[in-house]
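[1] got a predicted structure plus its sequence, pasted below:
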Amino acid sequence: IAQGTFTIPGIQGYPIQSRLINGEYPGPTLRIKPGDILSINLQNNLVDTGSVYVNNQYSGNDLTNMHFHGLHVSGELPSDDVTHYLSPGENYWYMTALPDFHMGGTHWQHPHKHGSTSLQVAGGAFHTIIVEDEEGTIPSQVANAKEVLFIAHYWALGDLDDIIEASGDTVVSHDLPQEYAEMVTVNGQYRPVISIDAGEWIRLRVVWSNFESGDLDLTLHGCEMNLLAKDGIYIKDYPRSISSAPVVPGGRADIMIRCPDPDTTYTFNGIVDNIATIQTTSWTTTSTDLESYTFTYPSYLEDLTSQAVADGCTCDTQFNGATDTVNTIAFPEITFPEEGSYIHETYLGAVTARNIVAANHPYHQHVYPFQLISGFETGYNTAGDWHDTIKGDGEIRFKPTEFTGKLMLHCHRLVHEDLGMMAMEKVSTAATGQCRCTSAQGVMG
């Protein structure tokens, strides 16, 4: 990661200076397979601007690390440990082993240093990770569909400028006119045109890179939209017809799309109008309607809807936007690991439940995705769906299967995470056989 300058195709002539991964906006797409070891030498080539880290404030602008958002991997070094960070001039080899039973899906990667996460992500430091599907694990209509990557990034320039000012940053700068004060780029471009044949199915891989509030609310009037997966996990009732994809900040969606008419322009609208367009060619492809399909789920995605929760393993987790806290506690400034730093504790093999109160705050959980049990239902979301990021109030469940240690959770309005709305759970060995909870009032039980 280093300082770089770029322009956005479609609004050329307005250079943006920021911190970028490999000098690109967005960074390079990584394609990996279940069982792979993802080995990345992260080099912090940022210039030390003298920004000092202060806990739960926008600060430490030149400190960085990386988070493998959505991957079912360990939350400890040398893997996805976001408590580890690099100062300018340092490097670290991340070695992240994917289980050989990891489900294929759409994920992403971004810096996650507490205090500078929102600044670095908002400025364009992120990229996509695709875990490829094993042969025979998805329907042929999906396997044969044209794949279209749709990395949507939210530019809220007023909010970005507020972070720059509050953190005293001297790197991120832009001279964009007011008409671009709120916009969404797709794959680094402003209002790109996607060319497809009329009548063909495409697999749209959506990543919603939003450091602030606001669901993507993606629509495509005149075309069929069928939900395939959310947060890199296939749904149980595929294909699910939808008219809108209200992807929450940090979330992803895989959508099967078919547009009927040749030589026609179809427009993606959402949090802003005219995000991108589909332009069909003069050629019409004959295709059949999508057929239902039953996916096979690995052990970490075992259906928990009718299973009993382990004794003492139901905890409350409440996000408070007025104080930027989780269960009234702001993210602690501690030396890891330390018992007092964990908000809840569970153990391997325990069916674990969390009652989430996060109506205006996307709840994101590292290491283990979770299943929706009650609440959250919108039509786009239904009980039994799996997520790693969700907004609303309700019960979720997960079952730790192989990774012990830290499990981070936080608001994925990254401005809130930087200011303290982050916490950490502990996953212990099965021999421990103990769950502990901190109440919504911050008292450990």
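    Cool, the structure landed. Residues are numbered from 1 along each chain as shown.
[2] what's the spacing between the nearest residue to Thr378 once chain neighbours are set aside and Asp261?
    The shortest distance from Thr378 to any non-neighbouring residue, by CB to CB, 6 or more residues apart in numbering, is to Pro246 (7.0 Å). All C-beta atoms are positioned from the backbone trio N, CA, C, and that covers glycine. For Pro246, the distance to Asp261 equals 26 Å [CB to CB, to the nearest Å].
[3] same question for Ile329.
    In terms of CB to CB, Ile329 sits 55 Å off from Asp261.
[4] looking at those two now, which is surrounded by more residues?
    More crowded of Ile329 and Asp261, by other CB atoms under 10 Å: Ile329, with 18 against 13.
[5] ok, the more buried one touching Ala423?
    Yes: the pair Ile329 / Ala423 is scored as a contact, 6.8 Å apart, by CB atoms under 8 Å.
[6] overlap of the contact sets of those two?
    The contact sets of Ile329 and Ala423 overlap at Ile343 (CB atoms under 8 Å, 6 or more residues apart in numbering).
[7] would you mark the buried spots in stretch 186-193?
    By neighbour count on 16 or more other CB atoms under 10 Å, the buried set for stretch 186-193 is Val186, Asn187, Gly188, Tyr190, Arg191, Pro192.
[8] ranges for the helices of the stretch 1-150 of the chain?
    For the stretch 1-150 of the chain, applying DSSP state H, counting those that start in this stretch gives helices covering 117-122, 140-143.
[9] Throw the ones you listed into CSV and include distance to Val131, thanks.
    Conversion of those to CSV gives the following (distance: least, CB to CB, whole Å):
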stretch, distance to Val131
helix 117-122, 21
helix 140-143, 15
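[10] kindly reformat those helices as JSON lines containing distance to Met66, mean neighbour count and mean pLDDT.
    Shown next, in JSON lines, are the helices of the stretch 1-150 of the chain (distance: least, CB to CB, whole Å; neighbours: other CB atoms under 10 Å; pLDDT from 0 to 100):
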{"stretch": "helix 117-122", "distance to Met66": "10", "mean neighbour count": "26", "mean pLDDT": "98"}
{"stretch": "helix 140-143", "distance to Met66": "29", "mean neighbour count": "15", "mean pLDDT": "98"}
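[11] can you check which of these gets nearest to Ala353?
    Proximity to Ala353 (CB to CB) singles out helix 117-122 among the helices of the stretch 1-150 of the chain, at 27.9 Å.
[12] helices and strands around the closest one, which ones?
    Contacts defined by 3 or more CB pairs under 8 Å, 6 or more residues apart in numbering; DSSP states H and E place helix 117-122 against strand 105-110, helix 157-167, helix 414-418.
[13] so which residues of the stretch 301-445 of the chain form strands?
    Secondary structure of the stretch 301-445 of the chain by DSSP state E, counting those that start in this stretch: the strands cover 314-320, 325-326, 344-347, 352-365, 370-375, 386-387, 389-398, 405-411, 422-428, 436-437.
[14] swap that for the stretch 51-200 of the chain, please
    Remark: strands assigned in the stretch 51-200 of the chain by DSSP E, counting those that start in this stretch are 67-69, 91-97, 105-110, 127-131, 146-156, 182-186, 193-198.
[15] for those, which one sits closest to Asn44?
    Among the strands of the stretch 51-200 of the chain, strand 91-97 comes nearest to Asn44, with 6.8 Å by CB to CB.
[16] so how far is Ile390 from the residue sitting furthest away from the middle of the chain?
    Each residue of the chain has a distance to the centre, and by CA atoms, centre = their mean the biggest one is for Ser282: 36.5 Å. To Ile390, Ser282 is 42 Å away according to CB to CB.
[17] same question, Gly232
    From Gly232 across to Ile390, the span is 14 Å (CB to CB).
[18] before we move on, what about Leu38?
    Distance from Leu38 to Ile390, counting by CB to CB: 25 Å.
[19] which residue of those two possesses the greater neighbour count?
    Higher neighbour count among Leu38 and Ile390: Ile390, with 26 against 19, using other CB under 10 Å.
[20] contact partners for the more buried one?
    Val248, Ile356, Ala358, Pro362, Tyr363, Phe370, Leu372, Phe376, Asn381, Ile396.
[21] just to revisit the earlier point, redo the strands of the stretch 51-200 of the chain as JSON lines? Include distance to Leu228.
    Listed next are those as JSON lines, based on distance: least, CB to CB, whole Å:
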{"stretch": "strand 67-69", "distance to Leu228": "19"}
{"stretch": "strand 91-97", "distance to Leu228": "25"}
{"stretch": "strand 105-110", "distance to Leu228": "10"}
{"stretch": "strand 127-131", "distance to Leu228": "14"}
{"stretch": "strand 146-156", "distance to Leu228": "12"}
{"stretch": "strand 182-186", "distance to Leu228": "19"}
{"stretch": "strand 193-198", "distance to Leu228": "17"}
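[22] export those strands to CSV and tack on distance to Thr296 and mean pLDDT?
    What follows is the strands of the stretch 51-200 of the chain, written out as CSV (distance: least, CB to CB, whole Å; pLDDT from 0 to 100):
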stretch, distance to Thr296, mean pLDDT
strand 67-69, 23, 98
strand 91-97, 21, 97
strand 105-110, 14, 98
strand 127-131, 15, 98
strand 146-156, 21, 98
strand 182-186, 32, 98
strand 193-198, 30, 98
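[23] of the ones you listed, which is nearest Pro400?
    Set against Pro400 and scored by CB to CB, these come closest in strand 91-97, at 16.7 Å.
[24] pLDDT below threshold where in the chain?
    Regions of the chain meeting the criterion pLDDT under 70 cover residues 333-340, 440-445.
[25] quick one on the thing from earlier: going by distance to Asn61, which of the buried residues of stretch 186-193 wins?
    Out of these, the member with the shortest distance to Asn61 (by CB to CB) is Gly188, at 22.5 Å.
[26] isn't that closest one right next to Gly10, touching?
    No: applying CB under 8 Å, one finds Gly188 not in contact with Gly10, separated by 9.7 Å.
[27] bridged to the closest residue in space to Ile343 that isn't next to it in sequence, which residues?
    In this structure, Ile343 finds its nearest non-sequential neighbour in Ala423, 4.1 Å apart by CB to CB, 6+ apart. Here Ala423 shows beta-bridge partners Leu409, assigned using DSSP bridges.
[28] ok, Ala423 - contacts?
    Counting by CB under 8 Å, 6+ apart, Ala423 makes contact with Thr317, Val326, Asn327, Ile329, Phe331, Ile343, Met408, Leu409, His410.
[29] distance of the fifth one relative to Ser341?
    If I follow you right, that is Phe331. According to CB to CB, Phe331 stands 9 Å off from Ser341.
[30] in terms of neighbours, single out the busier of the two.
    Shown here are Phe331 and Ser341; by other CB under 10 Å, Phe331 has more neighbours (24 against 18).
[31] pull the number of nearby residues for the residue nearest to the more buried one when sequence neighbours are not counted.
    Of all residues not flanking Phe331 in the chain, Met422 sits nearest, at 4.4 Å (CB to CB, 6+ apart). Here the count is done by other CB under 10 Å, and Met422 has 28 residues near it.
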